[in-house]
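> Generate coordinates for the sequence data below:
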Amino acid sequence: MSVREYFKVHPKRAASFFGITFLSLYWLFAFDGITFSDDVYYLLAGKKFWEGSMEFNDYHFSTRWGAYVPSGLVGFLFGFDPHRISLISLISYIGTLGMLLKVLPKEFNPWVLVIWFSIQVYFLHFLTKVYPDSLLVFWTVLVPFSAIYRSQKPYLAALGVISGLFFGFITKETIIFLAPLPILLFVFDWKKGNRNLAFYYTLVGLGLAFGAIYLGYFWIKFGSPFYRFESIQDGHYISEFTYADKSAWVMLQRLTVLPIITFVERSYWLWIVFAIPGLHRIWRKTSSPGIEFGLAFLSMLGLFWFMSTNFRFYNPLYLNPRHLIIMVPILAFLIATGWEEWRGDLKLKLTIIGLILLGVAISLIQQDWKIAAFQAFAIVIIYVFHGEKLVWTIGIYLLIPALIAISYQQKIKGYNLLIQTLSQETSNADNQSLILTNNFIDFSKEVLFSENQSARDLLFPIEKLDSLKLNPPQNFRVLIYDYYKHSYPKEQVDVDALELWLKDQKLLIENREGLIWIRNFEFEKNK
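Modelled structure (predicted):
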């Protein structure tokens with residue numbers, strides 16, 4: 001039997017092979033560097049944990065063990081390299097895809113599932129990063145995946161659900177989006193007369209046991225069983241991303257239109273729209289495995305929309321597109337189960353088209369011409385292509401922006417040039433003068449130069465310029481990485497203050513290449 005014939009006979013294996021290959025290649029070639037943000041903490045925490053020097057404290061990231069212990073193990077085994085360590089995200093995605101394909105009924109097209117699972121731009125962006133969200137993808141899907149087996153294997157199913165919720169929680173708190181799912185399933189089973197009491201008794205028992213161990217640890221270690229929750233509360237601070245401190249109008253926007261605008265702006269809208277037929281099918285035919293994933297999505301959407309991040313006052317979750325990648329696998333499953341539903345139902349088809357047009361309208365109002373055109377083209381595809389051609393055309397259509405994103409990110413970031421320049425400047429034996437640089441580069445120096453303390457000592461953040469003025473060096477260098485304009489625009493204030501001071505200093509050498517601007521100065525004492 002040829003490979004082509006084999007894959008035709010075993011479509012799930014063919015789709016799985018394609019999905020794993022695509023994700024692996026994307027991980028291999030799409031790496032655009034660290035984000036100089038939270039990933040720095042997780043990378044360093046994982047390193048320190050496996051070195052035995054990690055300290056758990058009131059900073060709630062420090063007890064997100066699931067976010068950095070697995071990634072730290074990869075670094076411990078294969079070396080401290082951000083790209084290599086992000087292999088844990090690839091493993092998480094592949095494991096998640098395996099679960100989805102395993103429970104996808106034979107009557108549904110596995111290629112639809114793989115395409116919609118693998119080709120969401122933000123989902124792929126964090127494939128090459130060390131963030132808890134990419135690891136949470138696996139634990140999120142484990143919950144409804146395990147619940148499917150609650151009748152056949154109640155004890156293992158309960159263990160799977162609790163494991164997903166527990167390990168998901170110690171990875172990132174947004175797993176709480178799925179907290180209502182066991183209750184919703186219980187109500188559903190009760191109404192259907194399928195009590196599944198062994199599953200629910202075991203679920204409650206394991207939940208109490210895991211909870212007691214977790215809370216007991218904090219009680220013994222920190223003197224309060226609710227220490228972790230208290231640290232999350234105490235970590236709240238007012239910023240442009242909070243809502244409790246804003247006006248009633250801002251809060252109303254957050255609870256009404258802003259989530260929809262976020263879905264559209266961040267390319268999640270089509271996933272939600274095409275998942276509606278799957279939800280419609282579940283409503284019409286409430287059977288497993290669809291019901292578990294349908295209720296999971298409704299639970300996640302409801303809490304994402306309305307849940308408070310604080311127990312003391314109401315503050316909805318900030319609409320960061322990274323928080324939404326855990327929905328992609330759930331939506332992909334629903335899209336696969338409802339794919340034939342809308343193709344044979346004119347009313348559903350018109351509903352999809354109407355919602356896509358709504359997304360186009362929102363993009364036009366936002367003057368986001370690219371997203372508007374991208375969404376509008378989906379309508380053309382729906383009308384022009386049918387059958388298998390529709391599946392493959394949709395795949396290519398979704399793939400194009402995912403591939404464009406690789407070159408776009410690498411172009412606006414110029415990460416390789418940054419690393420090369422920093423390495424050259426810090427290893428220059430003829431010039432070991434201080435290097436004033438962007439705050440986010442200084443923040444990330446333990447990752448950029450994990451084994452080179454002398455290189456780290458040369459870097460100095462521009463936000464501390466005032467302290468440097470008290471005792472300025474005779475000679476110094478300035479390295480400005482223009483990527484700050486894209487991702488850290490607030491640093492413009494520090495850059496402006498620096499440039500004002502540099503006017504009084506003597507410029508010796510200047511060089512610009514790509515996003516890197518390097519200058520050598522001599523301090524002018526008389527000015």
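
> Now find how far off-centre the helix or strand encompassing residue 40 is within its chain.
Using DSSP states H and E, residue 40 falls within helix 38-51. With C-alpha atoms, centre = their mean, to the nearest Å as the basis, helix 38-51 stands 17 Å off its chain's centre.

> Now do whichever helix or strand comes after that helix and helix 38-51, the angle between them.
Using DSSP H and E, the helix or strand that follows helix 38-51 in sequence is helix 65-78. Using axes from the mean of the first three to the mean of the last three C-alpha atoms, to 10 degrees, the inter-axis angle of helix 65-78 relative to helix 38-51 is 70 degrees.

> Please identify the buried residues of helix 65-78?
Residues 65, 66, 67, 68, 69, 70, 71, 72, 74, 75 are the ones in helix 65-78 that count as buried (16 or more other C-beta atoms under 10 Å). Just so you know, the C-beta spots here come from the backbone N, C-alpha and C atoms, and that holds for glycine as well.

> can I assume the first one is in contact with residue 172?
In this case it means residue 65. No: in this structure residue 65 lies outside contact range of residue 172 using C-beta atoms under 8 Å: 10.9 Å.

> Rebuild the buried residues of helix 65-78 as JSON lines, extending it with distance to residue 164.
Below are the buried residues of helix 65-78 laid out as JSON lines (distance: C-beta to C-beta, whole Å):
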{"residue": "65", "distance to residue 164": "15"}
{"residue": "66", "distance to residue 164": "11"}
{"residue": "67", "distance to residue 164": "15"}
{"residue": "68", "distance to residue 164": "19"}
{"residue": "69", "distance to residue 164": "17"}
{"residue": "70", "distance to residue 164": "15"}
{"residue": "71", "distance to residue 164": "19"}
{"residue": "72", "distance to residue 164": "21"}
{"residue": "74", "distance to residue 164": "21"}
{"residue": "75", "distance to residue 164": "25"}
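
> Contact partners for residue 138?
92, 93, 95, 96 (C-beta atoms under 8 Å, 6 or more residues apart in numbering).

> so what's it closest to, chain neighbours aside?
Excluding the flanking residues, the one nearest residue 138 by C-beta to C-beta, 6 or more residues apart in numbering is residue 92, at 4.3 Å.

> Report the contact partners of that neighbour.
Applying C-beta under 8 Å, 6+ apart, we find residue 92 in contact with 134, 135, 137, 138.

> switch the cut-off to 10 Å
By C-beta atoms under 10 Å, 6 or more residues apart in numbering, the contact set of residue 92 is 70, 71, 127, 133, 134, 135, 136, 137, 138, 139, 141, 171.

> What of residue 345?
By C-beta under 10 Å, 6+ apart, the contact set of residue 345 is 277, 280, 281, 338, 351, 352.

> now do residue 420
Contact analysis of residue 420 by C-beta under 10 Å, 6+ apart lists 414, 513, 516.

> Roughly how far does it sit from residue 513?
10 Å (C-beta to C-beta, to the nearest Å).

> Overlap of the contact sets of those two?
residue 414.

> What is the neighbour count of the nearest residue to residue 317 once chain neighbours are set aside?
Leaving aside its sequence neighbours, residue 317 sits nearest to residue 309 (C-beta to C-beta, 6+ apart; 5.5 Å). Using other C-beta atoms under 10 Å, the number of residues around residue 309 comes to 20.

> same thing with residue 221?
Using other C-beta under 10 Å, residue 221 is surrounded by 11 other residues.

> just checking, it touches residue 58?
No: counting by C-beta atoms under 10 Å, residue 221 sits too far from residue 58 to count as a contact (11.6 Å).
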